[in-house]
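Engineer: Starting from these lines, generate the structure:
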Amino acid sequence: YLEYANLIHEAGGHLLDLINDVLDMSKIEAERFDLARQRFDARDPVSAAMRLIRLQAHDKGVDLHGGFPVDPVLVEADKRALKQMALNLLSNAVKFTPRHGSVTLSMRIDGSILEISVADTGVGLSPADLERIGRPYEQAGGSDQRRQGTGLGLALVRSMAELHGGTLAIESRLGEGSDFTLRLPIVDTSARPTAEVVPFPGTAGADPA
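Structural biologist: Numbering: from 1, shown residues only. As a prediction, this is how the structure comes out:
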């Protein structure tokens, strides 16, 4: 019964994510998506996304790594949108990474730019897929992987990044993995965060907190 309950919970969470993706994309396309900007530590929503994806990565046998600046990274942005962008990038990477592969998230500061990179050792993308991916409802991979989503995840990341005045860059080689880099001009430079990076607690290669 516990297994049934866990399956129902997982399926319900997945359905809710799909519904939210469709609703958010509809708002963006209708130019009715308003950013709720606030000042916060960018490590908090990105760490929350890491915690949410950890079980999915563990169940699939994928090593999850993360590195964050040791000091608070104060930004002016939409906190929910930043968490969703990180979660979509991580979920996409885990989905396309086979067992015994790895997914690594890194966060760094470049002046007023917050850079979040998610790299995987997954199946990679062909040149043809690279041209399509990131557009609404476009999907790569086999039929099993396509059934896991709507094709909106990366499109939402790109759109939300652009609403923040940022960009999403994608580099990939078929059979070798992919690297997704989010650059957002949202850092409060008066806070002067350090460049030192520490591992995210609980991920592979880090000591649990």
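Engineer: Which parts of this protein are helices?
Structural biologist: Here the chain has its helices, by DSSP state H, at 2-29, 43-60, 79-95, 127-132, 143-146, 153-163.
Engineer: Quickly, which of these bottoms out on average pLDDT?
Structural biologist: When the helices of the chain are compared by mean pLDDT, helix 143-146 comes last with a mean of 48.
Engineer: Gly165: how many residues sit nearby?
Structural biologist: 11 (other Cβ atoms under 10 Å). C-betas here are computed from N, CA, C, even on glycine.
Engineer: Now it. Nearest residue, chain neighbours left out?
Structural biologist: Nearest residue to Gly165, sequence neighbours excluded (Cβ to Cβ, 6 or more residues apart in numbering): Pro185, at 5.2 Å.
Engineer: do Leu125 as well
Structural biologist: Leaving out its chain neighbours, Leu125 is closest to Ser172 (Cβ to Cβ, 6+ apart), at 4.0 Å.
Engineer: re the thing from before, wait, the residue nearest to Gly165 touches His164, no?
Structural biologist: Yes: assessed by Cβ atoms under 8 Å, Pro185 is found in contact with His164 at 7.4 Å.
Engineer: Please say which of the two ends up with more neighbours.
Structural biologist: The neighbour count for Pro185 versus His164, taken as other Cβ under 10 Å, is higher for His164 (22 against 16).
Engineer: now that one: how far from Arg99?
Structural biologist: In this view, His164 and Arg99 are 35 Å apart by Cβ to Cβ, to the nearest Å.
Engineer: One more: Ala119?
Structural biologist: 18 Å.
Engineer: ok, these two, which is more surrounded?
Structural biologist: Higher neighbour count among Ala119 and Arg99: Ala119, with 18 against 7, using other Cβ under 10 Å.
Engineer: Can you tell me, leaving aside adjacent residues, what's nearest to the more buried one?
Structural biologist: Per Cβ to Cβ, 6+ apart, closest to Ala119 is Asp179, 4.4 Å.
Engineer: The one you found: how many residues sit nearby?
Structural biologist: 15.
Engineer: What's opposite it in the beta bridge?
Structural biologist: Here Asp179 sits in beta bridges with Ala119, Glu171, going by DSSP bridges.
Engineer: Please name the residues that touch it.
Structural biologist: Ser117, Val118, Ala119, Asp120, Ile170, Glu171, Ser172 (Cβ atoms under 8 Å, 6 or more residues apart in numbering).
Engineer: Can you turn the buried subset of those into a selection I can paste into ChimeraX?
Structural biologist: The ChimeraX selection below is limited to those of those classed as buried (16 or more other Cβ atoms under 10 Å):
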select :117,118,119,120,170,172
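Engineer: ok so, going back, what's the distance between the residue nearest to Gly165 and Leu168?
Structural biologist: 13 Å.
Engineer: go on, Asp24?
Structural biologist: The value you get for Asp24 to Leu168, if Cβ to Cβ is used, is 15 Å.
Engineer: what number of residues lie near Thr97?
Structural biologist: Neighbours of Thr97 (other Cβ under 10 Å): 23.
Engineer: Quick check on the residue nearest to it when sequence neighbours are not counted: phi, psi?
Structural biologist: Nearest non-adjacent residue to Thr97, counting by Cβ to Cβ, 6+ apart: Gly122, 3.7 Å away. Dihedral pair for Gly122: phi -80, psi -160, per degrees, to the nearest 10.
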